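Visitor: let's see this in three dimensions:
(chains A, B, C and D)
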Protein chains: 2
Amino acid sequence: MDQLIAKLQRAIALSDDDRSSLLAIFSNTRYFKRGRDILREGEQPEHVHVIIDGWAAHRVTLVDGSRQTTAFLMPGDFCNGETTLLKRLDHGVVALTPVTIGTATRERLTALLLDRPNVAQAFWQTTLVDAAVLRTWLVSIAHRKAYQRIAHLMCELHTRLSCLGLVNGSTCAVPLTQEQLGNALGLTSIHVNRMLKRLRNEGLMDFQKRTLTLRNVA
Amino acid sequence: MDQLIAKLQRAIALSDDDRSSLLAIFSNTRYFKRGRDILREGEQPEHVHVIIDGWAAHRVTLVDGSRQTTAFLMPGDFCNGETTLLKRLDHGVVALTPVTIGTATRERLTALLLDRPNVAQAFWQTTLVDAAVLRTWLVSIAHRKAYQRIAHLMCELHTRLSCLGLVNGSTCAVPLTQEQLGNALGLTSIHVNRMLKRLRNEGLMDFQKRTLTLRNVA
DNA sequence: CGTACGGTTGAATTGGTTCAATCGGGGTGG
DNA sequence: CCACCCCGATTGAACCAATTCAACCGTACG
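Guide: Numbering: from 1, shown residues only, chains lettered A, B, ... in the order given. Take a look at the predicted model:
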């Protein structure tokens, strides 16, 4: 929850009251094992979820069974902030690691947002930032070659983790398999592997055993 | 403007007051020739723009000079709704046809949104819908082959135009060059050309002289 | 009348996938 | 405690989709 509050405050100042009512609303927590569905595509969830601990991902499943990840979620991110307004989910949410989430009912959250316009603004802002990130992904997938696409994503993750204080020097924990990276980048895990090897050989970054080390910010 | 109001009302009911204050705020109009920049990347616009007539596109320019289109804008769409909150544009907006836009100052719009929470909700909703469309683009580019990607985009455009009442049977005007399609789809105009030809030969759709005809909804 | 832009076509090249096989480590059950 | 298994990482070779380069056509427009 601290992560969420910190993120909102980076957008807009919040009063003590704002903070405590957010904490109150999201007081319920749930736990998911790695690989479990937190929310399923097409669902109409009664609750809004925030990641407290662990990683999750937005993913869309195609008719042919292949999966596309459209966002990585870290502590402080909403699983389904949009369902405050939109009823139906166009994507599922899966736990990539063991995950703890805070939940709030739609009604209570909506009431809070109507009651406290600056919190509502901060919420809106987070969805706009998410949309901006989505745009960078789109650009990356459409126009960059695999090699630079991977480098770009790794830099993004590094930056986000550093905002959360989860970076140790140039090293951070990135609990993703090569297959999950591939799902996000629109590549085969095999090709991801080859490109990671190349990045390693060229001394730019090292990603092994779920640990990422940037050797050069390019 | 009618298009915008209609779109907002599809989300949430608006009162006569809501409608007239929207009209009042966006009363200023501007005109742009085809190919002109409506907004440039990195700008901090003082106004918020709505398309009244014509088509425009969100586009991002990469270091290597290539361009990626991240959204097509039609009457009723915001060029930069997000700048109500975010100061800086992460993308430019270009006129794809001659375009008429309505403009409102950030201050007046912000005041309106604080004053009328249901208008604010409707606004938020439109950004969420835009984000959902962005997700479908991402999925399309990452996982579909050029052939189906083009078909998918054409169907999307057809659907959106039909919401605006701009479809005539299965035919509609789509004022895009093959190059612009390529920019949106992450393909070469040459390849777009070949795939359009194939779609035509297989009798699925016909796109020529900026006119799109769907022969089969697949 | 010439020019410029968008569309069309062909041939060579390349980035990425597919299929297939192997390897290593961590967890589980006997 | 060991054998086994499963998942993720790794590597090679054949194959395919899309790009690149290059040339040519039609037409709208100054």
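
Visitor: got a list of what whichever residue of chain A sits closest to DNA strand D touches?
Guide: Across chain A, the shortest distance to DNA strand D (C-beta to the nearest atom of the strand) belongs to A:Gln178, at 3.4 Å. For glycine as for every other residue, the C-beta is placed from the backbone atoms N, C-alpha and C. If a contact means C-beta atoms under 8 Å, 6 or more residues apart in numbering or on different chains, then A:Gln178 has A:189, A:192-193, A:196 as its contacts.

Visitor: now do the contacts for the spatially most central residue of chain A.
Guide: Nearest to the mean C-alpha position of chain A, counting by C-alpha atoms, centre = their mean, stands A:Leu73 at 1.7 Å. By C-beta under 8 Å, 6+ apart, the residues touching A:Leu73 are A:51, A:55-58, A:79, A:93.

Visitor: at 7 Å instead, please
Guide: For A:Leu73, the contact set (C-beta atoms under 7 Å, 6 or more residues apart in numbering or on different chains) comprises A:51, A:55-58, A:79.

Visitor: just the residues you listed now: which is nearest B:Thr110?
Guide: Nearest to B:Thr110 out of these is A:Cys79 (C-beta to C-beta; 28.7 Å).

Visitor: coming back round to it: need the contacts of A:Leu73 in TSV (columns: distance to A:Leu39, pLDDT and secondary structure).
Guide: Formatted as TSV, those follow (distance: C-beta to C-beta, whole Å; pLDDT from 0 to 100; DSSP: H, G, I helix; E, B strand; the rest coil):
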residue	distance to A:Leu39	pLDDT	secondary structure
A:Ile51	12	97	strand
A:Trp55	15	97	coil
A:Ala56	9	97	strand
A:Ala57	11	97	strand
A:His58	9	96	strand
A:Cys79	6	96	coil
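
Visitor: roughly how far apart are A:Thr83 and A:Trp124?
Guide: 14 Å (C-beta to C-beta, to the nearest Å).

Visitor: tell me which of the two has more neighbours.
Guide: The residue with more neighbours, out of A:Thr83 and A:Trp124, is A:Trp124; 25 against 22, by other C-beta atoms under 10 Å in any protein chain shown.

Visitor: and the residue nearest to that one when sequence neighbours are not counted, what pLDDT?
Guide: In space, and not counting its chain neighbours, A:Trp124 is closest to B:Trp124: 5.4 Å by C-beta to C-beta, 6 or more residues apart in numbering or on different chains. At B:Trp124, the pLDDT value in this model is 90.

Visitor: pretty sure B:Trp124 sits against A:Leu85.
Guide: Yes. Contact criterion C-beta atoms under 7 Å: B:Trp124 and A:Leu85 qualify, at 6.1 Å.

Visitor: report whether the lengthiest helix in chain A contacts DNA strand C.
Guide: Assignment by DSSP state H gives helix A:117-143 as the longest helix of chain A. No. Contact of helix A:117-143 with DNA strand C (C-beta under 7 Å from any atom of the strand) is absent, the minimum separation being 9.6 Å.

Visitor: following element in sequence after that helix, please.
Guide: Moving toward the C-terminus from helix A:117-143, the next helix or strand (DSSP states H and E) is helix A:146-163.

Visitor: what residues of that following helix count as buried?
Guide: A:146-147, A:149-154, A:157-158, A:160-161 (16 or more other C-beta atoms under 10 Å in any protein chain shown).

Visitor: which of those residues sits closest to B:Ala120?
Guide: Using C-beta to C-beta, the buried residues of helix A:146-163 come closest to B:Ala120 at A:Arg160, 28.0 Å.

Visitor: test my guess that that closest one contacts A:Met74.
Guide: Yes. If you go by C-beta under 7 Å, A:Arg160 and A:Met74 touch, sitting 6.1 Å apart.

Visitor: what is the burial count for A:Asp18?
Guide: 20.

Visitor: one more: the one 4 residues further on?
Guide: Neighbour count of A:Leu22, defined by other C-beta under 10 Å: 23.

Visitor: helix or strand: which one has it?
Guide: helix A:16-25.

Visitor: and that helix, what's its mean pLDDT?
Guide: Mean predicted lDDT for helix A:16-25 stands at 96.

Visitor: just checking stretch A:137-145 against chain B, any contact.
Guide: Yes. Judged by C-beta under 7 Å from any C-beta of the partner chain, stretch A:137-145 comes into contact with chain B at A:137-139, A:141-143.

Visitor: hmm, who's touching the helix holding A:Leu22?
Guide: A:1, A:5, A:104, A:108-109, A:112, A:116, A:118-119.

Visitor: 6 Å instead, please
Guide: Residues outside helix A:16-25 that contact it (C-beta atoms under 6 Å, 6 or more residues apart in numbering or on different chains) are A:5, A:104, A:108, A:112, A:116, A:119.

Visitor: give the buried residues for stretch A:59-72.
Guide: Here stretch A:59-72 shows A:59-60, A:67-72 as buried, counting by 16+ other C-beta under 10 Å.

Visitor: please apply the same query to stretch A:95-111.
Guide: Neighbour-count burial for stretch A:95-111 [16+ other C-beta under 10 Å]: A:95-97, A:99, A:101-104, A:106, A:109-110.

Visitor: so how far does it reach from one end to the other?
Guide: End-to-end span of stretch A:95-111 (C-alpha to C-alpha, to the nearest Å): 28 Å.

Visitor: so, in contact with chain B or not, it?
Guide: No. Under the criterion of C-beta under 6 Å from any C-beta of the partner chain, chain B is not reached by stretch A:95-111; the shortest gap measures 9.2 Å.

Visitor: which pair in the contacts of helix A:16-25 spans the largest distance?
Guide: Farthest pair in the contacts of helix A:16-25, by C-beta to C-beta: A:Ile5 and A:Arg108, 16.9 Å.

Visitor: mind pulling up the pLDDT for A:Ala218?
Guide: With respect to pLDDT, A:Ala218 scores 67.

Visitor: over to A:Arg200?
Guide: 95.

Visitor: which residues sit against stretch A:135-150?
Guide: A:152, A:185-187, A:191, A:195, B:60, B:62, B:66, B:68, B:70, B:137-138, B:141-142, B:186.
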